[in-house]
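Asks: Sharing a model prediction with you, sequence too.
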Amino acid sequence: MQPAERAPILPYCRVPIVVRDANADAPAVAREVAELIAAKRPGAVAEHIGSSAVPGLAGKGTIDLLLPTPPEEIPAVTDDLLALGFQRQAVPTAFPPTRPMLQGVIRHGDTSFRVHVHVVPANSPEVAALRGFRDALLADPALRQQYEQLKRSIVGAGTVDSVAFSKAKHAWIVANLERLGLTEAAEEVKQGGPPVERSRMPRPDRNKGVFMPPRVGIVLGSTSDEEKAKTAAVMLEKFGVEYELEVLSAHRDPRRVAEYGASAADRGLQVIIAAAGKAAALPGVLAAHTTLPVIGLPIFTPQLAGADSLFSIVQMPSGVPVAAVGLDAAANAGILAVQILAVGDARLRLQLQEFKDQLAEGLRL
């Protein structure tokens, strides 16, 4: 029996963001990957985009490829890329299946290159945005210099994860798309790009129109908790705080809970609200896997009148604290998350003071 042929694309690995000098082999690597894709799917044309497509421009060292695709063919194209060895993103902020980004690693000589393939609907303004920005960088040395300085300053300030790195570049890129006359593309980028699941969607800042990733993670132990926990999301929206929503069971899927907690800070989250009932282990398990503050929201259950949920959350061992609010007190969980964020956010402090004034004047939640 002949051994199975090894896929040309190797497993992907996430690494901290570092701005590297341009690699002269990047165009050849991009052509090699594009040829692999075309051989697997005749007629597919992958285009080299991003910083590595611009000679001499420093970047994070990733080879980005744009693959414009008719929307109805995206599932089949995704399967072909998976067959080559590419992998789907394994993070909560992943692109949706309707506009996936596949990732992998390819060896070229003695060097490994990380590769991102952006499968974008062919009729999306994002196609023009990605091409236009690349072409502008190729044509304008001053723009290249500005972009490189921006990236180096972002990393120099301590940004090491891809979500925060992209967020920090976003407003500058949007402004340049508008300057280039790519107004439709700029508007889509402002609104966060193509549609994704609402619970995972980083939305534009209401005041600045800038793409903002979630700052708070709301995690439910069960879908049955959603009705009681939804007021936490309502309060976050009231204060303009972006959030994501996940349903994860500490007992049925402990591995995913651990992964969520361990990756939370790297993905840009700053606070976690965890809602659970009965043997409510979820907040404590998350707290064990993150350095972020975790707010436990105990859910009332009829068997023990919620005492089991409450005690499970408040009786944490020394060294692994969880902040607990009252039974079904989702509004307080949301407000407490805002107060934690407000320690370093003057806008939120002002909003909270106005909110306190309204409470004094008779506002009731």
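Replies: Everything's here; your move. Numbers count the residues shown, from 1 in each chain.
Asks: Could you tell me which residues make contact with Gly109?
Replies: Asp25 (CB atoms under 8 Å, 6 or more residues apart in numbering). For every residue, glycine as well, the C-beta is placed using N, CA and C.
Asks: Distance check, it against Lys230.
Replies: 54 Å (CB to CB, to the nearest Å).
Asks: Show me the helices in the stretch 151-300 of the chain, by range?
Replies: Ranges of helices within the stretch 151-300 of the chain are 162-179, 183-190, 226-238, 254-263, 282-288, based on DSSP state H, counting those that start in this stretch.
Asks: any idea of the pLDDT on Arg152?
Replies: Model confidence at Arg152, expressed as pLDDT, equals 87.
Asks: What about it, how many residues nearby?
Replies: Using other CB atoms under 10 Å as the criterion, Arg152 is surrounded by 12 other residues.
Asks: Quick one: residues contacting Val219.
Replies: Counting by CB under 8 Å, 6+ apart, the residues that Val219 touches are 245-248, 257, 260, 272-275, 282, 286.
Asks: On the strand side of things, show who it bridges to.
Replies: According to DSSP bridges, Glu246, Ala274 are recorded as the beta-bridge partners of Val219.
Asks: From Gly240, how far off is it?
Replies: 21 Å.
Asks: Walk me through the domains of the chain.
Replies: The chain is divided into the following domains under automatic domain parsing: 26-190, 214-360.
Asks: The chain: strands as residue ranges?
Replies: Listed in chain order, the strands found in the chain under DSSP state E are 47-49, 63-69, 87-88, 101-108, 111-121, 216-220, 243-247, 271-277, 294-299, 323-324.
Asks: any idea which of those scores lowest on pLDDT?
Replies: Among the strands of the chain, strand 243-247 carries the lowest mean pLDDT, a mean of 87.
Asks: so how far is it off the chain centroid?
Replies: Strand 243-247 has its C-alpha centroid displaced from the chain centroid by 12 Å (CA atoms, centre = their mean, to the nearest Å).
Asks: okay, the angle between that strand and helix 254-263?
Replies: Between the axes of strand 243-247 and helix 254-263, defined by axes from the mean of the first three to the mean of the last three CA atoms, to 10 degrees, the angle is 160 degrees.
Asks: In CSV, could you pull the C-alpha coordinates for strand 243-247?
Replies: The C-alpha atoms that make up strand 243-247 are tabulated as CSV, following Å, rounded to 0.1, in the frame of the first residue of the first chain:
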residue,chain,number,x,y,z
TYR,A,243,-19.5,42.3,23.5
GLU,A,244,-19.6,38.7,22.2
LEU,A,245,-22.0,35.9,23.3
GLU,A,246,-21.1,32.3,23.6
VAL,A,247,-22.9,29.2,25.0
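Asks: Mind giving me the packing neighbours of it?
Replies: Packed against strand 243-247, as judged by 3 or more CB pairs under 8 Å, 6 or more residues apart in numbering; DSSP states H and E, are the following elements: strand 216-220, helix 226-238.
Asks: would TSV of the ones you listed with distance to Ile335 be doable?
Replies: Output for the helices and strands packed on strand 243-247, formatted as TSV (distance: least, CB to CB, whole Å):
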stretch	distance to Ile335
strand 216-220	12
helix 226-238	5
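Asks: among those, which is nearest Ser153?
Replies: Distance to Ser153, taken as CB to CB, is lowest for strand 216-220 among the helices and strands packed on strand 243-247, at 27.0 Å.
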